[in-house]
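J.: I'll drop the sequence and a predicted model, then ask my questions.
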Amino acid sequence: MKCKQATQLMSQSQDRDLTLKEKIQLKLHLLMCDGCTHCNRQMSIIRAAVKELGDRK
Amino acid sequence: MGKNTAHRAQESYRSEEVSAEQIAMMRDEMLRFSILQLRDSALAEDAVHEAIIAALSLGKYTGRGSLKSWVYAILRNKIIDVIRQRSRHPAEIFVEDDDMGLDDQFKKDGSWKKTQKPADWGHPETVLANEQFWRIFATCLNDLPKNTARVFMMREHLGLELKEVCKELDISDSNAWVIMHRARMQLRKCLEMNYMQGELL
């Protein structure tokens, strides 16, 4: 799997359940790829930030 | 320990009168917030107006959060109402945004371009406590293409299931996944370029 597809799967994992095969593919890719591991964490930060909009004092 | 817990619960659950002045002070910010999601200033104005009337007619608020989060909860519901009404409007046609913000991050073979490889932003709590981050985040959200922003905010901010977003906007699941992916990737890139680079270097 290439990085571009990995980012598609990490994004979709926030919107639907990945299949077992997809989960394994993504996990294996993340183990080998720093860039995608960072991207995955960034997506979580972005998700948390959007939720918090409007609730900040 | 029991005493402590009771004390905390009492502290966090409040009931307060709502004054028109307090709400009026929030109006501009509410309007910006509403425009960000509806991308239509007249509709945004209506949503804010209705939220303010609803808040004032309830008279007092009870809840765990601040007055602001209570008012925003009302506003979010009004925004969802507006989105639902609009999606039933036959003249509304969903037009695809172009593929900006994605293809420029990857090489042809699908690996990261050297200059675009995501960096470590550090601990989420630290990032979310940084005022500079929030300023840039607001700008980056505003820079999203109109339809991308609508789908993204309905899903992530208003908290609708993607299925429901698809139904409201009459788009397919796979279409919605593509839009969400682009939105996240473009926000990531924008944040990294404008904020994280400066923090890290």
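T.: Cool, the structure landed.

J.: From the rest of the structure, what touches stretch B:125-143?
T.: The contact list for stretch B:125-143, computed with CB atoms under 8 Å, 6 or more residues apart in numbering or on different chains, reads A:45, A:48-50, A:52, A:56, B:36, B:121, B:149, B:153, B:186-187, B:190-191, B:194-195. Bear in mind the C-beta positions are built from the backbone N, C-alpha and C, glycine included.

J.: Buried residues, it. List them.
T.: By neighbour count on 16 or more other CB atoms under 10 Å in any protein chain shown, the buried set for stretch B:125-143 is B:127, B:133, B:134, B:136, B:137, B:140, B:141.

J.: again, but for stretch B:163-171
T.: Neighbour-count burial for stretch B:163-171 flags B:165, B:166, B:168, B:169, B:171 (criterion: 16+ other CB under 10 Å).

J.: Now the element after the lengthiest helix in chain B, going C-ward?
T.: The longest helix of chain B (DSSP state H) is helix B:67-87. Scanning forward in sequence from helix B:67-87 by DSSP states H and E, the next helix or strand is helix B:124-128.

J.: residue closest to the middle of chain A?
T.: For chain A, the residue nearest the mean C-alpha position is residue A:10 (3.1 Å; CA atoms, centre = their mean).

J.: Which element, helix or strand, includes it?
T.: Residue A:10 belongs to helix A:3-12 when assigned by DSSP H and E.

J.: other SSEs contacting the helix or strand just after that helix?
T.: Proceeding N to C from helix A:3-12, the next assigned helix or strand is helix A:20-32, under DSSP H and E. Secondary-structure packing of helix A:20-32 (3 or more CB pairs under 8 Å, 6 or more residues apart in numbering or on different chains; DSSP states H and E): helix A:3-12, helix A:34-52.

J.: near chain A at all, stretch B:150-161?
T.: Yes. Stretch B:150-161 lies within reach of chain A by CB under 8 Å from any CB of the partner chain, at B:152, B:153, B:155, B:156, B:157, B:159.

J.: Apart from its neighbours in sequence, what residue is nearest the last one?
T.: Right, the one you point to is residue B:159. In this structure, residue B:159 finds its nearest non-sequential neighbour in residue A:51, 7.6 Å apart by CB to CB, 6 or more residues apart in numbering or on different chains.

J.: Correct me if wrong: that neighbour contacts residue B:156.
T.: Yes. Under the criterion of CB atoms under 8 Å, residue A:51 makes contact with residue B:156 at 6.9 Å.

J.: So between these two, which is more surrounded?
T.: residue B:156 (22 against 12; other CB atoms under 10 Å in any protein chain shown).

J.: pretty sure that one belongs to a helix, no?
T.: Yes. The assignment for residue B:156, made by DSSP: H, G, I helix; E, B strand; the rest coil, places it in a helix.

J.: Surely it is in contact with residue A:50?
T.: Yes. Under the criterion of CB under 8 Å, residue B:156 makes contact with residue A:50 at 4.2 Å.

J.: Based on its surroundings, how many neighbours for residue 21?
T.: Went with chain A since none was named. Using other CB under 10 Å, residue A:21 has 8 other residues around it.

J.: wrong one, chain B
T.: Close neighbours of residue B:21, defined as other CB under 10 Å, add up to 7.
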